[in-house]
Structure formats: C-alpha cells, structure tokens
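Student: What shape does this take:
(2 chains)
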Amino acid sequence: DAGVIQSPRHEVTEMGQEVTLRCKPISGHNSLFWYRQTMMRGLELLIYFNNNVPIDDSGMPEDRFSAKMPNASFSTLKIQPSEPRDSAVYFCASSLGGGHPDTQYFGPGTRLTVL
Amino acid sequence: SQELEQSPQSLIVQEGKNLTINCTSSKTLYGLYWYKQKYGEGLIFLMMLQKGGEEKSHEKITAKLDEKKQQSSLHITASQPSHAGIYLCGAALTFEKLVFGKGTKLTVNP
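Tutor: Alright, predicted model coming up:
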C-alpha cells in the first residue's frame, strides 16, 4: 500500500516566486497535516484538515501561506511570495482521524530552498 | 514556549551498548508517539503510548509512559549501526494535534 506521497521532493526558487507543494494522503485517511521542519524551531504543525475541512490553521506563519484540500486525495500548500526564511523541509502526514489519538504517517518531505 | 523537552540532544554510543532517550511534558498527554528520522527522509513511526504506565517493545526498542502521562523514555538494548538517526517524540495535547520535541541525534559507532 502506498504511503503519503509528496511532490516535488526538492524545490529551489528565488525570493518573490510562488511555490506550491503537493500531497496525496494514504487512501482512507480522513485527517491531513502540514508540518515545517527547521534546525532552529524543529518540527512545527502548520495546519490540519479533517474530512477536507481546515480545522486548525493557527500554525500558519502569515498570510503568504495558504493550504487547500479540494478532495480526500489531494492537498496543496502554497507560499506566495516566497522569502528566504521559508527555506525548510515541509512534511505532509495523514491519519485515520477517528476522533481519538491516531498514528500520523509522514511523507518523505519537500526540501524548499528560497534564494 | 517549548511544551515538550527531549534529552539528550545528541548521543554517541559504541555498538552493543544500551541507551535511553527521555521526553518530558509539562502537561498530561492524550498520547505519546516515538518516531525515527534519517537525514533527507520522512519520519518513521515506531510506537504510540496512551495509558499511564504503558510499556511497548519492538525488537530491541522499548518505550514507556509514566503513570502521570507526562514523561516517556525510549530504551535501545544492544545498539546497532542501523539504530542511528534522529529520534523524535510527539505529544498529543489534543486528539489530533501533535507537538514534537527537538529530537535526539543518535550515532552508533561500529
């Protein structure tokens, strides 16, 4: 069974450009999470969805960041405009989302570099 | 504020030695997760603990959650080079949201 799929695996862009990260959760999972990992701050939750609905976006750093989940099998995280401080590894994770603590399964991540 | 403290930050051991990594929360947890991460890769789920006093083992790795559900330890017996990586604890402060520690980098020298 395929795990969480993320694309691209690496992204290098210039400051001011729009960046779109993509995620396909595990089939049958109802919750999807976007995380950002940096050396300074560790792994931080940005936003999570349940049944395609954003539940908590309190971790989204600012208005330049937006996330969507148009259907149960696809989500995007967009940064517009990108800045050098956005450079990090972005992870997507999914879980069954049954209303009790569920194991989150992580994708391989997208390493973003903003020049 | 850092809600989850993980220690030590890094650990270097000789192959065959035992080691322990600790994870402490200031709040009672719904659940405690242990993950392993290798450089350039995603997090691999190891174990989840939910009940106070719970202990789980998988191969040579044992994780425990204390009775108050605020502290967990991960113990590796007879470490091997394959155990090397970054170990992260994640705490469920609510049902869905996880807060992660900064991680423990483990190096196992042959």
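Student: does the residue in chain A that chain B sits nearest to belong to a helix or a strand, and which?
Tutor: Nearest residue of chain A to chain B (CB to the nearest CB) works out as A:Pro101 at 3.6 Å. For the C-beta atoms, the positions are set from N, CA and C on the backbone; glycine is no exception. Assigning secondary structure by DSSP states H and E places A:Pro101 outside every helix and strand.
Student: got it, and B:Ile12?
Tutor: strand B:10-14.
Student: since we're on A:Pro81, how many residues are nearby?
Tutor: Counted by other CB atoms under 10 Å in any protein chain shown, the residues lying close to A:Pro81 total 14.
Student: returning to that earlier point: quick one: pLDDT of the nearest residue to the residue of chain A closest to chain B once chain neighbours are set aside?
Tutor: Nearest non-adjacent residue to A:Pro101, counting by CB to CB, 6 or more residues apart in numbering or on different chains: B:Gly31, 3.6 Å away. The predicted local confidence for B:Gly31 comes out at a pLDDT of 87.
Student: B:Lys97 now?
Tutor: The per-residue pLDDT reported for B:Lys97 equals 84.
Student: Near it, how many other residues are there?
Tutor: Around B:Lys97 sit 17 other residues, with neighbours defined as other CB under 10 Å.
Student: is it true that it touches A:Ile47?
Tutor: No: taking contact to mean CB atoms under 8 Å, the distance of 10.6 Å between B:Lys97 and A:Ile47 leaves them out of contact.
Student: Mind telling me what element the spatially most central residue of chain A is part of?
Tutor: With distances taken as CA atoms, centre = their mean, chain A has A:Trp34 as the residue nearest its mean C-alpha position (3.0 Å). The secondary structure element spanning A:Trp34 is strand A:31-38 (assigned by DSSP H and E).
Student: Any idea how far apart the tips of stretch A:28-43 sit?
Tutor: With CA to CA, to the nearest Å applied, stretch A:28-43 spans 25 Å between its terminal residues.
Student: Run a quick neighbour tally on A:Tyr35.
Tutor: By the measure other CB under 10 Å, the count of residues near A:Tyr35 is 26.
Student: That one and B:Gly42, how far apart?
Tutor: In this view, A:Tyr35 and B:Gly42 are 10 Å apart by CB to CB, to the nearest Å.
Student: returning to what we had before: dump the residue contacts of the residue nearest to A:Pro101.
Tutor: A:Pro101, B:Met48, B:Leu49, B:Gln50, B:Ala91, B:Ala92 (CB atoms under 8 Å, 6 or more residues apart in numbering or on different chains).
Student: Just the buried ones from the residues you listed?
Tutor: For these, burial is judged from neighbour counts taken by 16 or more other CB atoms under 10 Å in any protein chain shown, and it is met by A:Pro101, B:Met48, B:Leu49, B:Ala91, B:Ala92.
Student: quick one: which of those is nearest B:Leu4?
Tutor: Top of the list for closeness to B:Leu4, among the buried ones among the contacts of B:Gly31 and by CB to CB, is B:Ala91 at 5.1 Å.
Student: tell me how far the helix or strand encompassing the closest one is from the chain's mean position?
Tutor: Using DSSP H and E, B:Ala91 sits in strand B:85-92. What separates the centre of strand B:85-92 from the centre of its chain is 5 Å, taken as CA atoms, centre = their mean, to the nearest Å.
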